[in-house]
Structure formats: C-alpha cells, structure tokens
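Undergrad: Okay, structure incoming, though there's no sequence with it:
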C-alpha cells in the first residue's frame, strides 16, 4: 500500500465552512472516477479552530490521506487520464494551488494499529529519527487509539512526486479533543514537529478495516 498526504490551503474567497463543502465535492468527484479502483482509503482531515494546543499551526486548511494499492503507478491506463485531468482542474476550484505542489508519498509503519477517524494530530517532521522517537513515545499513551509513522517514499513516483519538505509524518488519534490535547502536551509534540496540525477526520472511503 502507498499513501499520499497533502497539506493544503483553501482557494482565496472561501470561508472555512464553504471550503469544506467544496472539498467534499472534490472528494466525491474523485470517488466517481475509474482510477478509484486503486483506492483503499480516503480521509479528509479538517483542522480544528481555534487550535486546541499550543504550537499547533493555523496556517493550513486541509490535510488529506489517500491510500492506494501499490500497482496504481503501473496500472493507470489511457482511460484513466480524463478523470485525472478533471481532478486537476477541480483542484484549482478548491485549493489555493495544485495538490501535487503540496504532497508527500509515504509508506506506513503502524506503531499502534487502529481504525481511521477521530481527533487526529499530524506532525510533519524534517528529521526522520526525531519522528520515529515521537511515534514510539505516542504508542505508549493509552488515550491514543492509532499511532502511525509515515515515512517519505521517493521510489513509487520518483523524488519529484514529493513536494513537501518533510521526511516523516507522525499521525496519532484519540476519541476526543481533550484526550488528544493531553497526549500532545505530554509529548510536547507541537514543539518537536516542524508543522503540527490537529484535525477532525472525515473518513470518506475505507477498504482497510
């Protein structure tokens, strides 16, 4: 399995609520395309505002995770191209710029396996070793039901497919904001990441359960 994570801003002119509705439409368009046969999971994670923990960024409007079968990069055909082009055009109606400019392909290491969903922190780190240490510590916190270490993968699509300047993303989830805030504070997580986001996950597609 491969996984795409993006960290995006909304198109200027949208309020956050308007953007989320537009983002859902963008997701529905993707799920209607032939290339969606490769999809295993799709999550739109909306940043919680105001940020519930010190040091959490409010500079971004969207985090998404798109999990696909490995063969997507080799299995796409000419029939998939119109759908891919439609998605690229729709990105310009939804976000401040094209998603390939704010993306990272990763491979997952499940420190604490758990279901998608919940209140989820995404901790973007330039230092892979620091990210691994943070993920391992998070795995010991009972209040967290999922902890994933996402490691940059430059092989599947080539290094040029990865446009975010990070080596790893630590992802952990709890059932509520207070539980996640407690874990963030205990770990000093925001200070240990280059960009920290706290989100509410909307699971739009899940073949992983």
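TA: Great, that's in hand. For clarity, every value in this text was computed on a predicted model and none was experimentally measured.

Undergrad: Which strand or helix spans the spatially closest residue to residue 184 that is not a sequence neighbour?
TA: Spatial nearest neighbour of residue 184, excluding adjacent residues (C-beta to C-beta, 6 or more residues apart in numbering): residue 53 at 4.4 Å. Quick note: C-beta positions are derived from backbone N, CA and C, even for glycine. According to DSSP states H and E, residue 53 maps onto no helix or strand at all.

Undergrad: Ok, residue 184 next?
TA: helix 177-187.

Undergrad: which helices and strands sit right next to whichever helix or strand comes after that helix?
TA: Next helix or strand after helix 177-187 toward the C-terminus (DSSP H and E): helix 189-192. Where contact means 3 or more C-beta pairs under 8 Å, 6 or more residues apart in numbering; DSSP states H and E, helix 189-192 is packed against strand 118-125, helix 128-138.

Undergrad: just to revisit the earlier point, counting contacts, what elements does the helix holding residue 184 pack onto?
TA: strand 118-125, helix 128-138, strand 144-152, strand 168-174, strand 195-206.

Undergrad: Low-confidence regions, the chain specifically.
TA: By pLDDT under 70, the low-scoring segments of the chain are 209.

Undergrad: which one in this structure is furthest away from the centre?
TA: Farthest-out residue of the chain from its mean C-alpha position, per C-alpha atoms, centre = their mean: residue 78, at 27.6 Å.
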